[in-house]
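J.: Sequence and predicted structure are below.
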Protein chains: 2
Amino acid sequence: MIFTKKQAKILSDIILHRRDVRGNNFLSKKIKKQDITAILNAGIHAPSVGFSQPWKFMVIEDAKIKNKIYNNFKKSYDKSKKHFKKRELYSSLKLEGIKETPLNIAVFYKKPIKKVLGQTSSQKMGEYSVVCAIQNMWLMARSLNIGIGWVSIINHKKVQKTLQVSDEYKLIGYLCVGYTKQFLDIPELETLQWEKKKEFEEVVSWV
Amino acid sequence: MIFTKKQAKILSDIILHRRDVRGNNFLSKKIKKQDITAILNAGIHAPSVGFSQPWKFMVIEDAKIKNKIYNNFKKSYDKSKKHFKKRELYSSLKLEGIKETPLNIAVFYKKPIKKVLGQTSSQKMGEYSVVCAIQNMWLMARSLNIGIGWVSIINHKKVQKTLQVSDEYKLIGYLCVGYTKQFLDIPELETLQWEKKKEFEEVVSWV
């Protein structure tokens, strides 16, 4: 299959307009089953080291479970505040959308039980494959005008306990998935001057 | 920006037709500067924890450096053979395209010097952001009909020494980038029955 310049431009637009969406921008509107399937399928067709496909996706709609995960987030968030000098700004941020979104997706790495091709020099490659899956899902969701927020301020082991997932697996990402009021033109943390956008020349070198 | 169903379908096609390209499928044809820039820009616009943008991209065209990296791969590859029962099949695989491609890109994670928003509960989030950047680059390249192969059978610390990159950084991915003879319809390791494709129901659960 040969892609055209116009098609490449569409991908570029999707990449540039993807945002990490938080609770203040989510709608509770239900997501159609076929769209959830499309998002999961994007994950399943990510690259994986040695074609190991070491992923497991758990779609969570149960309100009781979401409440438990939210309480987990809350504890981790309260503890994290002490690390930041701009505490007022940090405390004002809404950093998750666990309860606001119609569904959450927990994405796990399945630890290998045999040697995996490509993973002999770098054990991390398995986890990295799962992250590639998440990025595919993020873009696919954006193309369907659905937002994703990755919640990282969370006790991963406790999430896993809440979801009754065994130690053969490791939680990589906890995603909030839902329609949005808007996709911000500029990332919120850039607008708030939490961090500056790095210039191309700052992060690219040539040898 | 609202995307249409047709545009979402294009993303889905790019995702489904992306391959991990190896040396036997690469062409040495040069890549236009504007396409290299588009691929790097896709990386730079990946999500990053706390908008930390903790990445560094090193574009490598120098043949001497590529030779050194190839020798590094070769040693790691020879050592890895003992792990696999299907040794003949494993030894017949071409698992990199370091010298065949016009350019390689080493992607590094820049370790934080201060606390990063979102990284307080999970230190790995920084590295995961860099993996998201790599997946964006992989898809962008595919949309430009350019292949990428991620070389993981490699001594990461030695690569970093060869590239004279300090310990403030950590190598996440070493990519071979070039035009291809073809993009395989089916992943090579699936065709060779190295691993079976997992079914949707096998990796997705609902709660």
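T.: Received it, and whenever you're ready, just let me know what you need. Numbering: from 1, shown residues only, chains lettered A, B, ... in the order given.
J.: which residues in chain A form strands?
T.: Ranges of strands in chain A, per DSSP state E, are A:55-60, A:103-110, A:146-151, A:169-179, A:204-206.
J.: Deepest-packed of those, please.
T.: Most buried of those, by mean neighbour count (mean count of other CB atoms under 10 Å in any protein chain shown): strand A:146-151, with a mean of 26. The way it works is simple: take the backbone N, C-alpha and C, and place the C-beta from them, glycine included.
J.: gap between that strand and the chain center?
T.: Centroid separation for strand A:146-151 versus its chain: 6 Å, with CA atoms, centre = their mean, to the nearest Å.
J.: Specify the beta-bridge partners of the spatially most central residue of chain A.
T.: Note on chain A: the residue nearest the mean C-alpha position is A:W150, at 3.6 Å, using CA atoms, centre = their mean. Residues in a beta bridge with A:W150, per DSSP bridges, are A:L175.
J.: hang on, the earlier thing: now the strands of chain A as TSV including mean pLDDT and distance to B:N155?
T.: Shown next, in TSV, are the strands of chain A (pLDDT from 0 to 100; distance: least, CB to CB, whole Å):
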stretch	mean pLDDT	distance to B:N155
strand A:55-60	98	27
strand A:103-110	98	23
strand A:146-151	98	31
strand A:169-179	98	25
strand A:204-206	98	21
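J.: Please render these as CSV that adds distance to A:F84 to the earlier fields.
T.: Output for those, formatted as CSV (distance: least, CB to CB, whole Å):
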stretch, distance to A:F84
strand A:55-60, 29
strand A:103-110, 26
strand A:146-151, 18
strand A:169-179, 21
strand A:204-206, 29
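J.: can you list the residues that contact stretch A:89-100?
T.: Defining contact as CB atoms under 8 Å, 6 or more residues apart in numbering or on different chains, one finds that stretch A:89-100 is touched by A:21-28, A:63, A:66-67, A:69-70, A:73, A:77, A:81, A:84, A:104, A:149, A:151, A:153, A:176, A:178, A:188, A:192, A:194, B:117-118.
J.: Return the members of those residues classed as buried.
T.: The neighbour-count criterion (16 or more other CB atoms under 10 Å in any protein chain shown) marks A:21-23, A:25-26, A:66, A:69-70, A:73, A:77, A:84, A:104, A:149, A:151, A:153, A:176, A:178, A:188, A:194, B:117-118 among those as buried.
J.: Where helices are concerned, which of those residues count?
T.: Of those, the ones assigned to helices by DSSP state H are A:66, A:69-70, A:73, A:77, A:188.
J.: Give me the distance between A:A8 and chain B.
T.: The spacing between A:A8 and chain B, counted by CB to the nearest CB, to the nearest Å, is 4 Å.
J.: what's around A:P102, how many residues?
T.: A:P102: 17 surrounding residues under other CB atoms under 10 Å in any protein chain shown.
J.: Contact partners for it?
T.: A:P102 touches A:28-31, A:61, A:177-178, counting by CB under 8 Å, 6+ apart.
J.: Now that we have those, can you turn them into a markdown table and tack on distance to A:Q53?
T.: As requested, these are exported to a markdown table (distance: CB to CB, whole Å):
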| residue | distance to A:Q53 |
| --- | --- |
| A:S28 | 32 |
| A:K29 | 31 |
| A:K30 | 29 |
| A:I31 | 24 |
| A:E61 | 24 |
| A:V177 | 21 |
| A:G178 | 27 |
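J.: Restricting to those residues, which residues neighbour chain B?
T.: Restricting these to those touching chain B (CB under 8 Å from any CB of the partner chain) yields A:E61.
J.: Show me which pair in the contacts of A:P102 is furthest apart.
T.: By the measure CB to CB, A:K29 and A:E61 form the most distant pair in the contacts of A:P102, at 13.5 Å.
J.: if we take the contacts of A:P102, which one ends up nearest to chain B?
T.: Nearest to chain B among these: A:E61, at 7.2 Å, using CB to the nearest CB.
J.: Next, give phi and psi for that closest one.
T.: Note on A:E61: backbone dihedrals following degrees, to the nearest 10 are phi -120, psi -20.
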